[in-house]
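**Student:** quick one: sequence and predicted model below, then my questions.
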Amino acid sequence: VHLVESGGGLVQPGGSLRLSCSGSGFTFSNYRMSWYRQAPEKERELVAEISTAGDSTNYADSVKGRFTISRDNAKNTVYLQMDSLKPDDTAVYYCRATARMGPGNYWGQGTQVTVSS
């Protein structure tokens with residue numbers, strides 16, 4: 001099983017980034033997908049999650065209205081569009097796959113997002 005995040009980088013406040021997470025080795029469409037982030041010396045927190053079919057989403061209050069999660073099951077990929085970025089969004093962003101049924105639970109290696117002028 002592999003989850004590979006990409007799209008992180010350095011961006012100025014107010015800017016945008018689009019993260020991608022590609023999965024392999026499991027039936028992607030049977031897994032709820034989510035994005036987490038962890039800033040230095042802070043606990044990992046849920047940013048956004050999306051149902052297996054992509055028809056239900058949930059966001060942390062701190063990113064509502066600025067971030068959008070989506071998925072393409074044909075491409076085994078989940079996305080996180082991040083707009084109006086703030087310095088507080090600086091963190092390592094992780095992709096997670098959670099099985100709709102059963103014990104499957106997988107994490108990606110993370111991608112760094114830095115928001116700074």
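**Tutor:** Structure received. Here the structure is a predicted model, which is why all the values come from computation and not from measurement. Numbers count the residues shown, from 1 in each chain.
**Student:** what's the pLDDT at the most centrally placed residue in the chain?
**Tutor:** Geometric centre of the chain, nearest residue: Trp35, 2.8 Å, by C-alpha atoms, centre = their mean. Model confidence at Trp35, given as pLDDT, is 98.
**Student:** next one: the one 3 residues further on
**Tutor:** The score at Gln38 is 98. That number is its pLDDT.
**Student:** repeat for Ser6
**Tutor:** So, for Ser6, pLDDT stands at 96.
**Student:** which ones are touching it?
**Tutor:** Counting by C-beta atoms under 8 Å, 6 or more residues apart in numbering, Ser6 touches 19-22, 111. Yep, even glycine has a C-beta here, placed from its N, CA and C like the rest.
**Student:** let's see that with 7 Å instead.
**Tutor:** 20, 111 (C-beta atoms under 7 Å, 6 or more residues apart in numbering).
**Student:** the one 4 residues further on too?
**Tutor:** For Leu10, the contacting residues are 114, 116, taking C-beta under 7 Å, 6+ apart as the criterion.
**Student:** so which helix or strand takes in it?
**Tutor:** Leu10 is part of strand 9-11, with elements assigned from DSSP states H and E.
**Student:** from the chain's centroid, how far away is the helix or strand following that strand?
**Tutor:** The helix or strand immediately downstream of strand 9-11 is strand 17-24, counting by DSSP H and E. Centroid separation between strand 17-24 and its chain, computed with C-alpha atoms, centre = their mean, to the nearest Å, is 7 Å.
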